[in-house]
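**Q** Here's a sequence, model it:
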Amino acid sequence: MDGAIIFRQYLKRKNLRETVERRTILAEVRSLHKHFTVDDLQFRFRKRRRTVSRATLYRTLIHLVESGLVRKLDLGQREAIFEYQFNHAHHEHMICLKCGKVIEFTNHEMERLQEAACRARRFRAVRHYLQILGYCRGCR
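**A** Numbering: from 1, shown residues only. Predicted structure coming up:
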């Protein structure tokens, strides 16, 4: 299934309109192959002389996160960052609290332990995120 279809279905379930702005923001987010902030998105739209308000960006990103297409990484006191995650390999994040550097990693043993914990408690996981907050080598 396509990310645009998933978003359309999500909006329909929430009784929300599929506006041109929402489609444009989704297309821009899908084209990014890196982590991004609201400021990054706004800059990209300005560069193309497209007007999208900051409020519309925030509201649409909330819907994209709720739909499962985008992941929001909480950076504590810093501005949140986002990433398009549909059809991307699952991974976790280490986030430097000083410089904001994001290090992606995968650990199959941790995944196995999480699955075992869910099975033992008869819990059906839908999705999970692991963020390790700390300091990168350069900031220690």
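**Q** Find the centremost residue of this structure, please.
**A** In the chain, the residue lying closest to the centroid (C-alpha atoms, centre = their mean) is Arg71, at 1.9 Å.
**Q** residue contacts, Ile103?
**A** His93, Met94, Ile95, Cys96, Cys136 (C-beta atoms under 8 Å, 6 or more residues apart in numbering). C-beta here means a position set from N, CA and C on the backbone, and glycine is covered the same way.
**Q** Using TSV, lay out those together with pLDDT and neighbour count.
**A** Rendered in TSV, the data for the contacts of Ile103 read as follows (pLDDT from 0 to 100; neighbours: other C-beta atoms under 10 Å):
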residue	pLDDT	neighbour count
His93	91	19
Met94	92	16
Ile95	89	22
Cys96	89	19
Cys136	94	16
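**Q** if I look at the residue of the chain positioned farthest from its centre, how far off is Gln114?
**A** Distance from the centre of the chain peaks at Ala120, with 29.0 Å (C-alpha atoms, centre = their mean). Distance of Ala120 to Gln114, computed by C-beta to C-beta, to the nearest Å: 11 Å.
**Q** picking that back up, which residue, other than its chain neighbours, is closest to the residue nearest to the centre of the chain?
**A** Take Arg71 and drop its neighbours on the chain: the residue closest to it by C-beta to C-beta, 6 or more residues apart in numbering is Gln85, 4.7 Å away.
**Q** before we move on, which element is Glu83 in?
**A** Counting by DSSP states H and E, the element that carries Glu83 is strand 81-84.
**Q** Other residues contacting that strand?
**A** The contact list for strand 81-84 (C-beta under 8 Å, 6+ apart) reads 3, 29-30, 32, 34-37, 61, 64-65, 69-73, 75, 100, 102.
**Q** buried residues in stretch 120-137?
**A** By 16 or more other C-beta atoms under 10 Å, the buried positions in stretch 120-137 come out as Cys136.
**Q** That stretch spans what distance, first to last residue?
**A** Start and end residues of stretch 120-137 are separated by 37 Å (C-alpha to C-alpha, to the nearest Å).
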